[in-house]
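Asks: sharing a sequence plus its predicted fold:
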Amino acid sequence: MLADGKDDGNGLMETRAEIRLPTEDLSKDLPFFTKVLKMRLDMIYPADSPEIAVFSGHGLRIRIEKGAQEKPGTIRILTDDPGEFAGGERVLVAPNGTRIEIDELNPPLVLPETRHAFVVRRLADQAPWVIGRAGMEYRDLVPTRLGGAMIASHIRVPDGPVPDMVHFHKVGFQLIFCVRGWVDVLYEDQGDVRRLTAGDCFIQPPEIRHRVMHAADGIEVIEIGVPAEHVTEIDHEMTLPTPVERPDREWQGQKFVHNLARGSTFEPFRIPGFEVRDTSISDNTRGVASVMVARATGEASPWTRHDCDILFNFVLAGEMTLEGEGKDPYRLSAGDAFVIPPDMATRYTGATTDLELLEVSLPGQFKTEVLSSSGRE
């Protein structure tokens, strides 16, 4: 490919794109775009009375044209140090009227304060499925999102190859738990394709590159993200799998986890009447979150309350009744989800022998207080 746009003999031509902006006085825009915005002047004409100038920089190519019909628009410039760019100004207006916003290239992740609420979301209530990224279907399990603190999605993935690209998420915590079927995913520095099957889970550390490859017919997963609104970016440069496997690598203090349900052992749970298998996620996130699968033992469970900031549950199988202090009881079954706020007394009763619960907590360690049968100390 030739820089001048001529055919290189292989039929390839250089292609450029420009954004056109209007101007009434090009002489005033020239110093603004070159000196203030630090863009390069690539072209200007006619020589005797310039009416068009082309600038490039910061990943943009801009054509300033006298008499152009477009509105001035907005240009966002992202930089590692906004304080050192354009004299520290965060908002400027060019002589041609274009608004310039200077912002952080990699802004810090903001975790909203949790708005605690008792939430019950039942599959029988026909919560809508919506089409999301890469053709996947999403069902919102916590519509309030606890004030933006977290998002919990029940996701169905179309069977067959998934039209996904290498990407990453700017998150504080992210979990993928397989409810049924299987899905193949590639992860940065984690070797070849990883297959997630029913009962297994991945923790995707912040900004780990990955790509969903193939899904079985009927695949369903639960995805938890903190905070609720987080950025997904495409990485056009990385190819997966990466050549070196680094199982102990950390991303912002968190390790990749591929936990398998097969062969897991169960131990007593924080709530009497249940036993639990730990997915090791608390240890591998340095206590950011915990993910456990609990099942009923057949013994009666007492009233309890906890001091955890976020405590989310999804019914994987079976049925139970959720009783909450001052609330009507809810009979729950597979596909239902609930959130219990801190300091609220609750009790799990009427559990069937096949009951299984997915419990996700943030932080990973918290206190549970066992109460009397009345729900009081």
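Replies: Sure thing, it's come through.

Asks: for the rest of this, base every contact and every neighbour count on C-alpha atoms.
Replies: Will do.

Asks: contacting residues for L105?
Replies: Applying Cα atoms under 8 Å, 6 or more residues apart in numbering, we find L105 in contact with 78-80.

Asks: among the residues you listed, which lie within strands?
Replies: Among those, the ones falling in strands (DSSP state E) are 78-79.

Asks: now the buried members of the contacts of L105.
Replies: Buried by 16 or more other Cα atoms under 10 Å: 78-79, out of those.

Asks: and the contacts of L105, which is closest to D184?
Replies: For these, the closest approach to D184 (Cα to Cα) belongs to L78, at 34.8 Å.

Asks: who are the contact partners of that closest one?
Replies: 102-105.

Asks: what's the nearest residue to it if we skip its chain neighbours?
Replies: Spatial nearest neighbour of L78, chain neighbours left out: L105 (4.5 Å); criterion: Cα to Cα, 6 or more residues apart in numbering.

Asks: and the protein, what are its domains?
Replies: Listed by automatic domain parsing, the domain ranges of the chain are 19-104, 128-243.

Asks: what's the end-to-end length of the longest one?
Replies: In this case it means domain 128-243. Across domain 128-243, the terminal residues are separated by 41 Å (Cα to Cα, to the nearest Å).

Asks: just give me how far it sits from the chain centre.
Replies: In terms of Cα atoms, centre = their mean, to the nearest Å, the centre of domain 128-243 is set 8 Å apart from its chain centre.

Asks: tell me where this structure is predicted with low confidence.
Replies: Judged by pLDDT under 70, the chain has its weakly predicted residues at 1-11, 126-127, 133-135, 373-377.

Asks: now do the helices in it.
Replies: Counting by DSSP state H, the chain has helices at residues 26-31, 281-284.

Asks: could you export those helices as JSON lines, including distance to P302 and mean neighbour count?
Replies: As requested, the helices of the chain are arranged in JSON lines below (distance: least, Cα to Cα, whole Å; neighbours: other Cα atoms under 10 Å):
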{"stretch": "helix 26-31", "distance to P302": "73", "mean neighbour count": "17"}
{"stretch": "helix 281-284", "distance to P302": "25", "mean neighbour count": "20"}
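
Asks: now tabulate the ones you listed in TSV and tack on distance to I224.
Replies: Output for these, formatted as TSV (distance: least, Cα to Cα, whole Å):
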stretch	distance to I224
helix 26-31	48
helix 281-284	13
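
Asks: who wins for proximity to L92 among the ones you listed?
Replies: L92 lies closest, by Cα to Cα, to one member of the helices of the chain: helix 26-31, at 12.8 Å.

Asks: returning to that earlier point: looking at the helices of the chain, which is nearest to M150?
Replies: Within these, the stretch nearest M150 is helix 281-284; the backing value is 17.2 Å (Cα to Cα).

Asks: what does that closest one rub up against?
Replies: 203, 254-257, 288-291, 364-365.

Asks: cool, and stretch 107-119?
Replies: Here stretch 107-119 makes contact (Cα under 8 Å, 6+ apart) with 142, 146-149, 170-172, 226-227, 309-310, 338-342.

Asks: among the contacts of L78, who's most crowded?
Replies: Using other Cα atoms under 10 Å as the neighbour test, the contacts of L78 are led by I102, with 21 neighbours.

Asks: give the contact list for that residue.
Replies: Applying Cα under 8 Å, 6+ apart, we find I102 in contact with 76-79, 82, 85, 89-91.

Asks: in PyMOL, select just the buried ones from the residues you listed.
Replies: Listed next is the PyMOL selection for buried residues among the contacts of I102, using 16+ other Cα under 10 Å:
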select buried, resi 77+78+79+82+85+90
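
Asks: what's the closest of the contacts of I102 to H58?
Replies: I77 (7.1 Å).

Asks: make sure the closest one is actually in contact with H58.
Replies: Yes. In this structure, I77 is within contact of H58 by Cα atoms under 8 Å, at 7.1 Å.

Asks: related to what we said a few turns ago, any chance of a markdown table for the contacts of L105, columns distance to E207?
Replies: Converted to a markdown table, the contacts of L105 look like this (distance: Cα to Cα, whole Å):
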| residue | distance to E207 |
| --- | --- |
| L78 | 19 |
| T79 | 19 |
| D80 | 18 |
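
Asks: of the contacts of L105, which is the nearest to V162?
Replies: Closest approach between the contacts of L105 and V162, by Cα to Cα: L78, at 31.7 Å.

Asks: so what sits opposite the closest one in the bridge?
Replies: L78 has these beta-bridge partners by DSSP bridges: D103.

Asks: near L146, how many other residues are there?
Replies: By the criterion of other Cα under 10 Å, L146 has 22 neighbours.

Asks: just use 54 as the starting number from now, easier for me
Replies: Understood, numbering begins at 54; the last thing we discussed is L199.

Asks: not counting sequence-adjacent ones, nearest residue to it?
Replies: Distances taken as Cα to Cα, 6+ apart place R168 nearest to L199, at 4.7 Å, with adjacent residues excluded.

Asks: now that neighbour: how far from F108?
Replies: Applying Cα to Cα, the value for R168 to F108 is 47 Å.

Asks: of these two, give the one with the bigger neighbour count.
Replies: Taking other Cα under 10 Å, R168 and F108 do not tie; F108 has more neighbours (21 against 14).

Asks: for the more buried one, which non-adjacent residue is closest in space?
Replies: Excluding the flanking residues, the one nearest F108 by Cα to Cα, 6+ apart is L94, at 4.5 Å.
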